[in-house]
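Asker: Next one to model:
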Amino acid sequence: MESLADTLDQVERMLGDSVSNTLHTNGLLGSSDVDLLSVVGRVAAISRLTEALLIEAVANVQQRAEDRPRDERITTALGCRTAKELVQRVTRSSSRTVGALMSGARAIACPVSITTGESLPARYPSMRDAVAAGAVGLDGLLAVAGALDDAACDAAARRAAESELADSARGEGADGGPASCADDLRLQAQVWAMYLDQDGAEPREAHAARKRALTVGTCRDGLVPVHGSLLPEVAGQLGLLFDSILNPKGDGPAHPEGVRFAEAGVDDPIPSQADLRSRAQKQHDALATILGVAATSGALPTIGGAAPTLVVQVSVEDLVAGRGHAHVPGASAPVSLSVARHIACTGAVQRVVTDDAGRIVAIHNLDRVFNAHQRKAITLRDGGCIIPGCHVSATWCEIHHVTEHAKGGQTCTDNGVLLCWHHHRTLDSSGWRIRMRGGVPEVRGPSWWDASITWRAVTNSPIRMRERLRSRRE
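Answerer: So this is what the prediction gives:
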């Protein structure tokens, strides 16, 4: 009878030949979009199955390294100190990856009783079945197990939550939606954990409050070290203040030299110095800004609908030519148009144009911009970008008029939804459709995501998801 190792050896040779041929001939370049996505899906399915087998094998390695006398352990025989070291040497993976494999193994392994030799049930049997079927991979398994492990509840309640999450991973959940990805499973598991944890967050918060700290050290080599641990709400507020100052659209390898502006009539952009600051350095400078503003006026930068409105005074000639000087309230010296544009990037600009006599000849009205109170309300309702599978937070989202403003759509909460920059810009061509029904956003996805092309109410708000879960369970 052929062993599992022999079978896997044959699979490795066959798959290796296909991979080698594809990469050497660039075989995917000529494939259609449908064929390419089919390859991605099939490879992902194979990867989940191999992960399932790898998790089971690691679980057996762990058991043979922990449940036997030291001289009989597999680690001792092969000259390794721990099971993690042994697995890392065999798989050639990073310590972090092997740690994740071992955590997944502990979640779904069927341990053997030392006294009777019987195979005991797994901690998460439904997730074990889902992993075995290839419906969920290691990251999805850890997302579920990590959230439910922290929930203070009995075994029966945890088992019920795990069963429903496994159904969601298969695409057989109560909402009838397609199979959930790992990030969706993490969010659903967190909602379940909140629902099951009858004590709430108070015990953890009391422990955290006792450990909160912030210390400022002694200046050395021109720098003062700062150490500490912040409570979640304090860190959240600080993060929002950072977000109000730092512009993420200039970050990343796609824009290595930041935003650049071109002179009128010149084809090549004006050479500009790249922003070489690290994220940590940018946050340091943002904190300096926050402290300076707080110490003087108490006014802090905001984001979204309440972004500062910059009034720039500039001559018509300079405005048309794109050169010259501009004047900003509070600044005694004139600034260049480039500086004005950079300042304007933080918020909306209301442009007022006057003629030579001083008469106002043009005003760009900003009535279509959602105000700060509307944005907060829409954020509470939507939680982030409403396109399923997108996890861009509300901080970086734009508010989309479901019925266009130019076509009479009102600037109100019943006509605004949160969309990330990408989904907002590609909404007309991506296949996603949005409508409002009773003030609640609904999304209809493209056929590759949802074959039934059904309108579905959507939200990423943990509170709303928990209420929907409670209503369904009741």
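Asker: pLDDT value on Glu202, please?
Answerer: Glu202 is assigned 56 on the pLDDT scale.
Asker: Gly236 versus Val98, what's the distance?
Answerer: 33 Å (CB to CB, to the nearest Å). Placement of C-beta: from N, CA and C, glycine included.
Asker: for Gln188, same thing?
Answerer: Taken as CB to CB, the span from Gln188 to Gly236 is 22 Å.
Asker: Quick one: the helices in the stretch 301-450 of the chain, in order.
Answerer: 316-321, 337-344, 372-382, 421-425 (DSSP state H, counting those that start in this stretch).
Asker: ranges for the strands of the stretch 151-300 of the chain?
Answerer: 213-216, 226-229 (DSSP state E, counting those that start in this stretch).
Asker: Counting by contacts, list what the first one packs against.
Answerer: In other words, strand 213-216. Judged by 3 or more CB pairs under 8 Å, 6 or more residues apart in numbering; DSSP states H and E, strand 213-216 is in contact with strand 226-229.
Asker: Can you read off the pLDDT for the nearest residue to Leu15 once chain neighbours are set aside?
Answerer: Leaving aside its chain neighbours, Leu15 sits nearest to Ile46 (7.9 Å; criterion: CB to CB, 6 or more residues apart in numbering). The model reports Ile46 with a pLDDT of 94.
Asker: Now do the SS call for Ile46.
Answerer: Judged by DSSP: H, G, I helix; E, B strand; the rest coil, the three-state class of Ile46 is helix.
Asker: hmm, back to that, averaging pLDDT over each of the helices of the stretch 301-450 of the chain, which comes out lowest?
Answerer: Among these, helix 337-344 scores lowest, at a mean of 46.
Asker: Can you list the buried residues in the helix or strand hosting Ser38?
Answerer: Using DSSP states H and E, Ser38 sits in helix 33-66. Under the neighbour-count criterion of 16 or more other CB atoms under 10 Å, helix 33-66 has 48, 51-52, 54-59, 61-65 buried.
Asker: Any chance of a markdown table for those, columns distance to Ala394?
Answerer: Output for those, formatted as a markdown table (distance: CB to CB, whole Å):
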| residue | distance to Ala394 |
| --- | --- |
| Arg48 | 31 |
| Glu51 | 33 |
| Ala52 | 35 |
| Leu54 | 37 |
| Ile55 | 35 |
| Glu56 | 40 |
| Ala57 | 42 |
| Val58 | 38 |
| Ala59 | 40 |
| Val61 | 43 |
| Gln62 | 41 |
| Gln63 | 45 |
| Arg64 | 48 |
| Ala65 | 46 |
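Asker: isn't Ser393 right next to Gly384, touching?
Answerer: Yes. Using CB atoms under 8 Å, Ser393 is in contact with Gly384, at 5.1 Å.
Asker: Look at these two and report which has more neighbours.
Answerer: The neighbour count for Ser393 versus Gly384, taken as other CB atoms under 10 Å, is higher for Gly384 (21 against 15).
Asker: Please give me every residue in contact with the spatially closest residue to that one that is not a sequence neighbour.
Answerer: Among residues not flanking Gly384 along the chain, Asn460 sits closest, at 4.2 Å (CB to CB, 6+ apart). Counting by CB atoms under 8 Å, 6 or more residues apart in numbering, Asn460 touches Leu187, Asp382, Gly383, Gly384, Cys385, Ile386, His391.
Asker: Give me the ChimeraX select line for those residues, limited to the buried ones.
Answerer: Buried residues within these, by 16+ other CB under 10 Å, are selected in ChimeraX with:
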select :187,382,383,384,385,386
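Asker: ok, Ala174 to Ile386 distance?
Answerer: To Ile386, Ala174 is 20 Å away according to CB to CB.
Asker: How about Met465?
Answerer: Using CB to CB, we find Met465 at a distance of 13 Å from Ile386.
Asker: Give me the common contacts of these two.
Answerer: Residues touching both Met465 and Ile386 by CB under 8 Å, 6+ apart: Thr459.
Asker: What values do phi and psi take at the spatially most central residue of the chain?
Answerer: Against the mean C-alpha coordinate of the chain, by CA atoms, centre = their mean, the closest residue is His391 at 4.2 Å. Main-chain torsions, His391, degrees, to the nearest 10: phi -120, psi 30.
Asker: What separation do you get for it and Val440?
Answerer: In terms of CB to CB, His391 sits 20 Å off from Val440.
Asker: try Thr379
Answerer: Per CB to CB, Thr379 is found 15 Å from Val440.
Asker: of these two, who's got more company?
Answerer: Thr379 (19 against 15).
Asker: what residues go with each domain of the protein?
Answerer: Listed by automatic domain parsing, the domain ranges of the chain are 32-196, 237-261+277-301, 308-363, 372-473.
Asker: weakest of those domains by average pLDDT?
Answerer: domain 308-363 (a mean of 54).
Asker: Could you find the closest non-adjacent residue to Gly409?
Answerer: Computed as CB to CB, 6+ apart, the closest residue to Gly409 that is not its neighbour in sequence is Thr403, at 3.3 Å.
Asker: what's the spacing between the one you found and Glu442?
Answerer: From Thr403 over to Glu442 the distance is 14 Å, taken as CB to CB.
Asker: Give me the more crowded residue out of these two.
Answerer: For Thr403 versus Glu442, the count of surrounding residues by other CB under 10 Å is larger for Glu442: 18 against 14.
Asker: For the closest residue to the more buried one other than its chain neighbours, give me phi and psi.
Answerer: Spatial nearest neighbour of Glu442, excluding adjacent residues (CB to CB, 6+ apart): Trp455 at 4.6 Å. For Trp455, the backbone dihedrals (degrees, to the nearest 10) come out as phi -70, psi 130.
Asker: I'd say Trp455 and Arg444 touch.
Answerer: Yes. If you go by CB under 8 Å, Trp455 and Arg444 touch, sitting 4.9 Å apart.
Asker: Please enumerate the shared neighbours of the two.
Answerer: Here Trp455 and Arg444 have Arg435 as joint contacts, going by CB under 8 Å, 6+ apart.
Asker: Run through the residues that contact the nearest residue to Val61 once chain neighbours are set aside.
Answerer: Counting by CB to CB, 6+ apart, Val61 lies nearest to Ala83, which is 5.5 Å off, once chain neighbours are set aside. Counting by CB under 8 Å, 6+ apart, Ala83 touches Val58, Val61, Gln62, Ala65, Glu66, Ile74, Thr75, Met102.
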